[in-house]
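**Student:** sequence plus the predicted model coming up.
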Amino acid sequence: MASAVSTLKGLDKIIREDLMFQERVIEPRVDGIFSKMYDTSEGVVAGGGRVGSTSGGFTVIHTFATGVAGAFRNLAAGGDNDIDPDITGQSIMYSPSVTFPSATDATAPGYVQKTITLVEGLGVFALPLHLIMAEQLDATIAKPVSLTIKGTAKNVAQSEANNFYASDGSNIAIATIVKGVNSSGNPSVTFANANATDDEMTIAFGTVADVTGRVGRFYPGMTCDIFKSDFTTKRATGTLIVTNVDYVDRTVQLVSITGINLNTLTQEAGDHVVLWDSGNDTSNLAFGPSGIDKWTVNDSSSIFGIDQTTHSQFNSVVTAVNNVLDQAVLDTNVGAFYDAYSDMCDLDSFITTAGVINNYIENTDGLWRYERHNTGALKLKEGWTSFDYTYQGRDFELLQSRYVSNGILYACKLADQNLKRYVPPRIPSAGSRSEFAPEIQWLGPIVGSNSIFLPARNSSAKLTRFVEAPFFCQREVCPEQLQGIKLTGLTELFA
């Protein structure tokens, strides 16, 4: 055991640096939106600001003035009346006839508060001591410790991307089965035998009408749950693990770890696929940091505590296009946004799918140039290099994401650190070193371990030949400017 502990101490620094380097690099690689987020602890308080309280977790409160104030009126510039007793023009008396608005005529601004409640994330990775010792051998072909660390980092980054682009902003759904298993003519869900009878479920994302979501949101090794649309029922009591993802043909295979016959589940239209253990059929909701679909709305919903029915100035432009994206569609909706908000709000970025952009290019008239010199070979250059869009001198950047739901384009503000990820300050004993990502904190050092590792115990609290590295974070994503544009029903072009 002493040898194993010594090995762990020697590996600890390398493992910490490897993990946190991957955490910081993989996240932007998973999706470009993460390079646009600004991490901050400004305004984060615990327990609603009550000293010593942890009830309610960590929150951030932003206060907005919702109207103008005072009183102001216009009138003819005739001046006040005067009295000339003898009409000689030698002396007069004034008779004030014009009065200022009174205090009872003045209005005062209203105030509304945006309450951002941070969401907690808990994670762990575990390693058997044999693998840790084997990795020290020069003849080891694979590096299981490093691969486990990198896999953990990617799992966290994948989870964050899935939450940000969730198909259903309220329920944090990464996919929604439009046609249930028992629906007639349903080609999107099939079953097979992996380790038990019909314990394997395949979801096909080829037809938008059958499944909403993106196959890019899934990755082998992910674990998922399936809930009824209102989150009153968890369909499978056991965990579902993603065993295979075909990104070209857009299919995902889920297998029940406990061998449950998935074909017997009562699945219905609207069932949600969510990240593992992130839904609750007691409180009827799902958990996770918020995403762009939550605040880019124009309805009667509540956004971070702001009631859209009484504070409609936070509404976005939401349009069901149900056609190809073209310049007229962009001009019409961007123009509608600036006609509504003028200089009060601004936009600088589009986020959409490759299929939407492909169709946009396909339906854009182009000038083609073909060159042939000295009877040589024909020089032909086609394709596209960049997407540039300008509206009244405002330039827009394009972010293409494999996580955005089919047929959707968002326009939002990403400049000036508008998109923020709120995190509490780190616990000093958790290791406030520069190589660590700011939102991830490790339990090991906090409880007195000299590394990120703790002994792993079984259900009887007995020590095992495993070590584990538990970590946690609190965070919530919310922009300062909520207003944006959401276009739906855009037709896509794929092979």
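**Tutor:** Thanks, I have the structure now.
**Student:** switch to C-alpha atoms for all contacts and neighbour counts from now on
**Tutor:** OK.
**Student:** distance check, the spatially most central residue of the chain against residue 289.
**Tutor:** Here the mean C-alpha position of the chain is nearest to the C-alpha of residue 164 (CA atoms, centre = their mean), at a distance of 1.2 Å. The gap separating residue 164 from residue 289 is 7 Å, by CA to CA, to the nearest Å.
**Student:** low-confidence bits of the stretch 101-250 of the chain, can you list those?
**Tutor:** In the predicted model of the stretch 101-250 of the chain, residues 136-142, 167-171, 179-188, 194, 196, 206-210 satisfy pLDDT under 70.
**Student:** can you give me the mean pLDDT across the strand or helix carrying residue 274?
**Tutor:** Assigned by DSSP states H and E, residue 274 belongs to strand 271-275. Confidence for strand 271-275, expressed as mean pLDDT, is 85.
**Student:** parallel or antiparallel, list what pairs with that strand.
**Tutor:** According to DSSP bridges, strand 271-275 forms sheet pairs with strand 175-177 (antiparallel), strand 223-227 (antiparallel).
**Student:** okay, these, which one's buried deepest?
**Tutor:** Stretch with highest mean neighbour count among the strands paired with strand 271-275: strand 175-177 (a mean of 26; mean count of other CA atoms under 10 Å).
**Student:** next SSE downstream of that one?
**Tutor:** strand 189-192.
**Student:** that older thread, quick one, which of the strands paired with strand 271-275 is nearest to residue 212?
**Tutor:** If you check each of those against residue 212 by CA to CA, strand 175-177 wins as the nearest, at 5.2 Å.
**Student:** so residue 291 sits against residue 482, correct?
**Tutor:** No. Assessed by CA atoms under 8 Å, residue 291 is found out of contact with residue 482, at 11.3 Å.
**Student:** these two: who's more crowded?
**Tutor:** Shown here are residue 291 and residue 482; by other CA atoms under 10 Å, residue 291 has more neighbours (24 against 21).
**Student:** could I get the average pLDDT for the longest strand anywhere in the chain?
**Tutor:** As assigned by DSSP state E, the longest strand anywhere in the chain is strand 463-479. Averaging pLDDT along strand 463-479 gives 90.
**Student:** what about the helices in the stretch 301-450 of the chain?
**Tutor:** 327-341, 354-362, 443-446 (DSSP state H, counting those that start in this stretch).
**Student:** after the last one comes which helix or strand?
**Tutor:** Translated: helix 443-446. Taking DSSP H and E, what comes next after helix 443-446 is strand 454-457.
**Student:** just checking, what packs against that next one?
**Tutor:** strand 463-479 (3 or more CA pairs under 8 Å, 6 or more residues apart in numbering; DSSP states H and E).
**Student:** just checking: what are the partner strands of the strand it packs on?
**Tutor:** Counting by DSSP bridges, strand 463-479 is paired with strand 119-128 (antiparallel), strand 419-422 (antiparallel), strand 441-442 (antiparallel), strand 454-457 (antiparallel).
**Student:** may I have the second one as CSV, with CA atoms only?
**Tutor:** This points to strand 419-422. Only the C-alpha atoms of strand 419-422 are listed here, as CSV (Å, rounded to 0.1, in the frame of the first residue of the first chain):
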residue,chain,number,x,y,z
LEU,A,419,-22.5,36.3,-22.0
LYS,A,420,-21.4,35.6,-18.4
ARG,A,421,-20.9,32.3,-16.5
TYR,A,422,-21.4,33.2,-12.8
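**Student:** circling back: reformat the helices of the stretch 301-450 of the chain as a markdown table; add distance to residue 475, mean neighbour count and mean pLDDT.
**Tutor:** As requested, those are arranged in a markdown table below (distance: least, CA to CA, whole Å; neighbours: other CA atoms under 10 Å; pLDDT from 0 to 100):
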| stretch | distance to residue 475 | mean neighbour count | mean pLDDT |
| --- | --- | --- | --- |
| helix 327-341 | 30 | 14 | 95 |
| helix 354-362 | 29 | 19 | 89 |
| helix 443-446 | 17 | 19 | 89 |
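**Student:** looking at these, which is closest to residue 237?
**Tutor:** Taking CA to CA, helix 443-446 is the member of those nearest to residue 237, at 28.9 Å.
**Student:** how about residues contacting that closest one?
**Tutor:** Helix 443-446 is contacted by residues 427, 429-431, 450-454, 469-472 when judged by CA atoms under 8 Å, 6 or more residues apart in numbering.
**Student:** among these, name the buried ones.
**Tutor:** Buried subset of those (neighbour count, 16 or more other CA atoms under 10 Å): 430-431, 451-454, 469-471.
**Student:** show me which of those is closest to residue 127.
**Tutor:** residue 469 (8.7 Å).
**Student:** tell me the contacts of the nearest residue to that closest one once chain neighbours are set aside?
**Tutor:** Using CA to CA, 6 or more residues apart in numbering and skipping residues adjacent in sequence, the residue nearest residue 469 is residue 453, 4.6 Å away. By CA under 8 Å, 6+ apart, the contact set of residue 453 is 444, 467-470.
**Student:** in these, find the pair that's most separated.
**Tutor:** The most widely separated members of the contacts of residue 453 are 444 and 467, with 10.8 Å between them, by CA to CA.
**Student:** which residues do these two both contact?
**Tutor:** With CA under 8 Å, 6+ apart, residue 444 and residue 467 have common neighbours 453-454.
**Student:** picking that back up, reformat the strands paired with strand 463-479 as a markdown table; add distance to residue 345.
**Tutor:** Converted to a markdown table, those look like this (distance: least, CA to CA, whole Å):
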| stretch | distance to residue 345 |
| --- | --- |
| strand 119-128 | 28 |
| strand 419-422 | 14 |
| strand 441-442 | 36 |
| strand 454-457 | 49 |
